[in-house]
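**Student:** Predicted model and sequence follow; I will ask about them next.
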Amino acid sequence: MTASDKEFTGSIPEFYDTYLVPLIFDSYAEDLARRVVRLSPNNLLETAAGSGVVPRALSPLLGRDANYVVSDLNQPMLDHAATKQGTDDRLKWQQADAQNLPFDSASFDVVFCQYGVMFYPDRVKGYTEANRVLVDGGSYIFSVWDKIEENEFADIVTQTAAKVFPDDPPRFLPRTPHGYNDFATINDELDAAGFSNVSIDTIAKVSRAPSPRHPAIAYCQGTPLRNEIESRDANSLQHVTDLAATAIEKIYGAGPVEAKIQAHIVTAVK
C-alpha cells in the first residue's frame, strides 16, 4: 500500500458515494447489518466507515437504546457520511485511527468494518485494538474483497489503465482493495491479535449499473485510483474513464450492465 491509497479527498467521496456504493457496497452492507443485528448488541463500533453505507443499512434495524459509534480516519469521508444519514441520536460520528482507538477497554459488544482493514498500515495492531475495546465474548466482523479476477468491473478498469500507462501501470485496485484475501494470512493475523473462533464466508454477488460508464466512473474517479492516474498525467483522467467505459461496453453491452463481485466476510470472537 502506498500513501496515496488512503487519500479519499477532494471530489472522491462524492463520486465514491454516488457511483461506487450502489455498484458494489450496498448489498454487502445489508448483509453485514443483518450479521451485526443477530448479535443483539447495545454498544457498537464501526471502524473505517467511509461514506456511511453501513450506518444507513444498520441504523433502522437497531433498538432505541443502541449506542453506535461510527468512526473513520478520514474526516472528509466521515463528514460526507454524516450529511447522508440524517438526525439520529443513537449515532456518534468520531474521527478515529483504528490502530489507536480513543475508547476504553471492553467498551463495545461488537466491532465491525466493511472493506477497511486492507487500508490499515499494520493490521495486527488494528485487530489488537479491536480486541482491546471488545467485551469478553464480543465479536469482530469485517469484510474484504476477493482477488481482483473475481471482481470483473474492477479487473477491466485496471487492465485499461495499464494499457494507457504500460511503463508504470496504476495498481491501486489489485494492490489494496483486492490485495488482502489469503485465508491463512487473515487467520494468522487475527490469532496474533488474540482472537479465536475465526470463520470466513465467501459471498459472490452481482454488480449492476445502468450503463458501462457508471462502473468506469466509479473506479476511475471514486477511488484513489484517480490519484494514481492524475499523478502520471494530470489531464488523462477523462481519457482513462472513457476507455474503461468502452472496454466494459464491449464485453457487457451498451445498456444496463452486470458482472460478478466476490468478497470474504470474516467473524472472530474475543
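**Tutor:** On my side now, so go ahead.
**Student:** In the stretch 1-150 of the chain, where is pLDDT below threshold?
**Tutor:** Regions of the stretch 1-150 of the chain meeting the criterion pLDDT under 70 cover residues 1-13.
**Student:** quick one, what contacts Gly137?
**Tutor:** 269-270 (CB atoms under 8 Å, 6 or more residues apart in numbering). Yep, even glycine has a C-beta here, placed from its N, CA and C like the rest.
**Student:** Render the CA-only coordinates of the host helix or strand of it in PDB, please.
**Tutor:** Element membership of Gly137 [criterion: DSSP states H and E] is strand 134-145. In PDB, the C-alpha atoms belonging to strand 134-145 read as follows (Å, rounded to 0.1, in the frame of the first residue of the first chain):
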ATOM      1  CA  LEU A 134     -14.400  -5.500  22.900                       C
ATOM      2  CA  VAL A 135     -16.100  -7.100  25.900                       C
ATOM      3  CA  ASP A 136     -15.200 -10.700  26.600                       C
ATOM      4  CA  GLY A 137     -17.100 -12.900  24.100                       C
ATOM      5  CA  GLY A 138     -17.600  -9.900  21.800                       C
ATOM      6  CA  SER A 139     -17.400 -10.300  18.000                       C
ATOM      7  CA  TYR A 140     -15.300  -8.600  15.400                       C
ATOM      8  CA  ILE A 141     -16.700  -8.700  11.900                       C
ATOM      9  CA  PHE A 142     -15.100  -7.400   8.800                       C
ATOM     10  CA  SER A 143     -15.300  -7.800   5.100                       C
ATOM     11  CA  VAL A 144     -12.500  -7.900   2.400                       C
ATOM     12  CA  TRP A 145     -12.700  -8.200  -1.300                       C
END
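**Student:** Buried ones in that strand, by neighbour count?
**Tutor:** For strand 134-145, a neighbour-count test (16 or more other CB atoms under 10 Å) marks 134, 138-145 as buried.
**Student:** out of those residues, who's nearest Lys84?
**Tutor:** Ser143 (19.9 Å; CB to CB).
**Student:** I'd like the distance between the closest one and Ala98.
**Tutor:** Ser143 sits at a distance of 14 Å from Ala98 (criterion: CB to CB, to the nearest Å).
**Student:** and if you look at Gly52?
**Tutor:** Distance, Gly52 to Ala98, by CB to CB: 16 Å.
**Student:** what's the answer for Val36, then?
**Tutor:** Val36 sits 17 Å away from Ala98, going by CB to CB.
**Student:** did I read that right, Pro121 in a strand?
**Tutor:** No - the assignment for Pro121 (DSSP: H, G, I helix; E, B strand; the rest coil) gives coil, which keeps it out of a strand.
**Student:** my read: it touches Asp97, true?
**Tutor:** No - checked against CB atoms under 8 Å, the pair Pro121 and Asp97 is beyond contact range at 9.9 Å.
**Student:** So the two - more neighbours on which side?
**Tutor:** Neighbour count, other CB atoms under 10 Å: between Pro121 and Asp97, Asp97 has more, with 17 against 12.
**Student:** In contact with the more buried one: list those residues for me.
**Tutor:** Neighbours of Asp97 in contact, by CB under 8 Å, 6+ apart: Leu73.
**Student:** Next: Ser211.
**Tutor:** So Ser211 contacts 245, 254-257 (CB under 8 Å, 6+ apart).
**Student:** ok, and what's touching stretch 57-66?
**Tutor:** Contacts for stretch 57-66 (CB under 8 Å, 6+ apart): 26, 29-30, 32-34, 36-37, 41-44, 68, 85, 88, 90-91.
**Student:** Show me the helices in this structure, by range?
**Tutor:** 12-15, 26-37, 53-58, 75-85, 123-133, 152-164, 172-175, 183-192, 213-221, 225-232, 237-252 (DSSP state H).
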